[in-house]
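In: Quick one: sequence plus predicted model below, questions after.
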Protein chains: 2
Amino acid sequence: MADVSMPLLVTGSIGIDTVKTPHGASERCLGGSSVYFTMGASFFSPVRFVGVVGDDCPFDLAEVFKGRDVDLRGLEIRRGSKTLVWHGTYHENMNDRTTDLIELNVVQEAPPKVPEVFRDSKFVFLANTAPSLQIELLEQVAKPVFVAADTMNLYINGYLDDLRKLLGRIDCLILNDEEARLLAGHSNLIKDAEVILAMGPRIVIIKKGESGSLMCSADGHKFILPAYPATEVRDPTGAGDSFAGGFMGYLAHIGRTDFAALKTAVAYGTVVASFTIADFSLAGLTAIARKDIDKRLQMLREFTCF
Amino acid sequence: MADVSMPLLVTGSIGIDTVKTPHGASERCLGGSSVYFTMGASFFSPVRFVGVVGDDCPFDLAEVFKGRDVDLRGLEIRRGSKTLVWHGTYHENMNDRTTDLIELNVVQEAPPKVPEVFRDSKFVFLANTAPSLQIELLEQVAKPVFVAADTMNLYINGYLDDLRKLLGRIDCLILNDEEARLLAGHSNLIKDAEVILAMGPRIVIIKKGESGSLMCSADGHKFILPAYPATEVRDPTGAGDSFAGGFMGYLAHIGRTDFAALKTAVAYGTVVASFTIADFSLAGLTAIARKDIDKRLQMLREFTCF
């Protein structure tokens, strides 16, 4: 496999997270969609990072991503602003969570700019934010080859027109099963996927937590992959974003987006997420190397293919 | 693949079912675990059928299984007894169901006998009934090669000692996720599977409804397969029993139970169940031929392998 490594851009949040789960707690640790995405993608491909924090941010992202090929020229430290704060609690089954506190702070101000040197990016991931901002960020990229985006209930309920505009401009929507039902309105996820594909993207990936994920394409391909059978689950935070990181990182690395490549990318995303949830914050991802991911990918293949 | 077709025996119930689902209703139709099992298995292998009905039974099983290699010499029509009656309603999500009425009738009397000519059976499926009866039926088979059994909450809660005896004598337990949690007590199905394997069987299969199934072996192999992505689901009754039928029918046909064979058998069971749920009673299975099953198996492989 040739290492073509097309430039991969991510836009998303950086947060100060406080998380409680039945297995422990972590206070004021580093979180946020772009952080988890970048950590996951960095095993596969260089990452161009776009995000904004306030000048109260206690984390040095250059230190966090040290030794990884992460270009932080898109990180803005905004003076006089405060960093996103999120407090969440996971319940017994580790699927349901409650947001105890959210202070959007700098996230509800003007979005960061995509630096000039990032505008030739070919693979783009627009993490979860208002669809109008996702469009604004995407418009700063000259000729993207493959654009994926995440969304959530808030925007499906309240910003559907903007979301529909976004769906007309992206290649791939990644969302969870609850969001897919809300957006498409069926009780059957295959039907939901078909409805979402008719809104614009050629690929939709529906994440089902511990039941894995479903990917459908506008030309009729389907892929269904269970979650990696992890027995160690301490903190599910960041599972979805690091899934997207593994998925997009692999695609950018091989520079292809045919369905066979997309299937392997979903498998890599699944494996990356399985490491994320094994520990709090980024500890599950910083503890491993690419060879651990490849080993688990082979296991996943053995577990699922017949 | 050589057609060795080892003799396959099933013991289980025959019922008069009345089923309501959000997609329609079916009154006093043929049901029961051994009926669904046999219909599913008959696509792969001859089946030896053991079961009992009352003399009120409105169904002619010879007619039902006409054209299939089903030996009904183990079917007893008991004079003065009444056939099992079950009324059930499936709710909106098609996973949860309510039992509106159950009249056990002949099922709570003495079990049927395994005919002398069936006692050399090599593959045996003991459908869901009291574990003491499952043991009694199994003891009538001389030298089985591979024995699988189903169980349910009622027996896990109330007959655990008997169930543990049964688990020491069978090769494979098939149960659903709720039953696995009840029997093993974890919130993680992989851990549940390990606990159940420690009770005796070398294989455990945990069915997760629309999320597919998980198979684990005592020597550490795992297989995770999603449900076939069926968009047509009218009546889930018999899904589990016809799954077991496809699974055991395929194994009896190839005469092997190594893990590779077991994986393909689970895939066949999954496909058979996907046809069962497409229509009421046996209509989904009587509408198809083996070639339809093989075609869908190839599709399932494409949907799941990467």
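Out: It's in.
In: Close to chain B: what parts of chain A are there?
Out: Residues of chain A lying close to chain B by C-beta under 8 Å from any C-beta of the partner chain are A:92-94, A:187-188, A:190-191, A:208, A:211-212, A:214, A:222-226, A:229-231, A:233, A:260, A:263-264, A:266-267, A:301-306. (Each C-beta comes from the backbone N, C-alpha and C, glycine too.)
In: filter the residues you listed to the buried ones?
Out: For the residues of chain A next to chain B, a neighbour count by 16 or more other C-beta atoms under 10 Å in any protein chain shown gives the buried set as A:94, A:188, A:208, A:211-212, A:214, A:222-226, A:229-230, A:233, A:263-264, A:266-267, A:303-304, A:306.
In: Just these: which are in strands?
Out: If you go by DSSP state E, those have A:214, A:222-225 in strands.
In: Dump those to TSV, plus distance to residue A:108.
Out: What follows is these, written out as TSV (distance: C-beta to C-beta, whole Å):
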residue	distance to residue A:108
A:214	32
A:222	38
A:223	36
A:224	37
A:225	35
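In: Taking those, tell me the two that lie furthest apart.
Out: A:222 and A:225 (10.8 Å; C-beta to C-beta).
In: list residues touching both of those two?
Out: When contacts are counted by C-beta atoms under 8 Å, 6 or more residues apart in numbering or on different chains, residue A:222 and residue A:225 are jointly contacted by residue A:215.
In: Skipping adjacent residues, who's closest to residue A:212 in space?
Out: residue A:226 (3.9 Å; C-beta to C-beta, 6 or more residues apart in numbering or on different chains).
In: Could you tell me which residues make contact with that neighbour?
Out: A:211-212, A:303-304, B:211-212, B:224-226.
In: ok, now residue A:215?
Out: With C-beta under 8 Å, 6+ apart, residue A:215 has these contacts: A:203-206, A:221-225, A:262-263, A:266.
In: and it, bridged to which residues?
Out: residue A:205, residue A:223 (DSSP bridges).
In: how close does it get to residue A:304?
Out: Distance of residue A:215 to residue A:304, computed by C-beta to C-beta, to the nearest Å: 14 Å.
In: shared neighbours, the two?
Out: Residues touching both residue A:215 and residue A:304 by C-beta under 8 Å, 6+ apart: residue A:225.
In: pretty sure residue A:246 is touching residue A:44, no?
Out: Yes. If you go by C-beta atoms under 8 Å, residue A:246 and residue A:44 touch, sitting 7.0 Å apart.
In: ok, those two, which is more surrounded?
Out: residue A:246 (31 against 25; other C-beta atoms under 10 Å in any protein chain shown).
In: any idea which helix or strand carries that one?
Out: Assigning secondary structure by DSSP states H and E places residue A:246 in helix A:239-254.
In: Would you mind giving the secondary structure of residue A:148?
Out: strand (DSSP: H, G, I helix; E, B strand; the rest coil).
In: tell me the angle of the helix holding residue A:246 relative to strand A:146-150?
Out: 180 degrees (axes from the mean of the first three to the mean of the last three C-alpha atoms, to 10 degrees).
In: to the chain's geometric centre, what's the distance from helix A:239-254?
Out: 7 Å (C-alpha atoms, centre = their mean, to the nearest Å).
In: For that helix, enumerate the helices and strands it packs against.
Out: On a contact count with 3 or more C-beta pairs under 8 Å, 6 or more residues apart in numbering or on different chains; DSSP states H and E, helix A:239-254 meets strand A:8-11, helix A:33-41, strand A:123-126, strand A:146-150, strand A:172-176, strand A:203-207, helix A:259-276.
In: In JSON lines: those, plus mean pLDDT.
Out: Shown next, in JSON lines, are the helices and strands packed on helix A:239-254 (pLDDT from 0 to 100):
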{"stretch": "strand A:8-11", "mean pLDDT": "98"}
{"stretch": "helix A:33-41", "mean pLDDT": "97"}
{"stretch": "strand A:123-126", "mean pLDDT": "98"}
{"stretch": "strand A:146-150", "mean pLDDT": "98"}
{"stretch": "strand A:172-176", "mean pLDDT": "97"}
{"stretch": "strand A:203-207", "mean pLDDT": "97"}
{"stretch": "helix A:259-276", "mean pLDDT": "98"}
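In: how about those in TSV, adding distance to residue B:166?
Out: Converted to TSV, these look like this (distance: least, C-beta to C-beta, whole Å):
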stretch	distance to residue B:166
strand A:8-11	54
helix A:33-41	45
strand A:123-126	52
strand A:146-150	48
strand A:172-176	40
strand A:203-207	39
helix A:259-276	35
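In: Now do the strands in the stretch 1-150 of chain A.
Out: A:8-11, A:15-21, A:24-31, A:47-54, A:70-78, A:84-90, A:97-103, A:123-126, A:146-150 (DSSP state E, counting those that start in this stretch).
In: Would you point out which residue is most central in chain A?
Out: Central residue of chain A (C-alpha atoms, centre = their mean): residue A:241, 2.7 Å from the mean position.
In: Can you give me every residue that contacts that one?
Out: A:12, A:33-37, A:40, A:127, A:150.
In: Could you work out the most separated pair of these?
Out: The most widely separated members of the contacts of residue A:241, counting by C-beta to C-beta, are A:35 and A:150 (14.0 Å).
In: Chain B versus residue A:127, what's the distance?
Out: For residue A:127, the distance to chain B equals 25 Å [C-beta to the nearest C-beta, to the nearest Å].
In: Nearest residue to residue A:192 in space, please, no chain neighbours.
Out: Sequence neighbours aside, residue A:184 is the residue nearest to residue A:192 in space, at 3.7 Å (criterion: C-beta to C-beta, 6+ apart).
In: does the one you found really touch residue A:198, like I thought?
Out: No. Residue A:184 lies out of contact with residue A:198 (C-beta under 8 Å); the separation is 9.2 Å.
In: in which helix or strand would I find residue A:156?
Out: Going by DSSP H and E, residue A:156 is part of helix A:153-158.
In: So for whichever helix or strand comes after that helix, what gets flagged as buried?
Out: Heading C-terminal from helix A:153-158, the first helix or strand you meet, by DSSP H and E, is helix A:160-167. For helix A:160-167, burial by neighbour count (16+ other C-beta under 10 Å) applies to A:162-163, A:166-167.
In: want to throw the residues you listed into a markdown table with pLDDT?
Out: Listed next are these as a markdown table, based on pLDDT from 0 to 100:
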| residue | pLDDT |
| --- | --- |
| A:162 | 96 |
| A:163 | 97 |
| A:166 | 97 |
| A:167 | 97 |
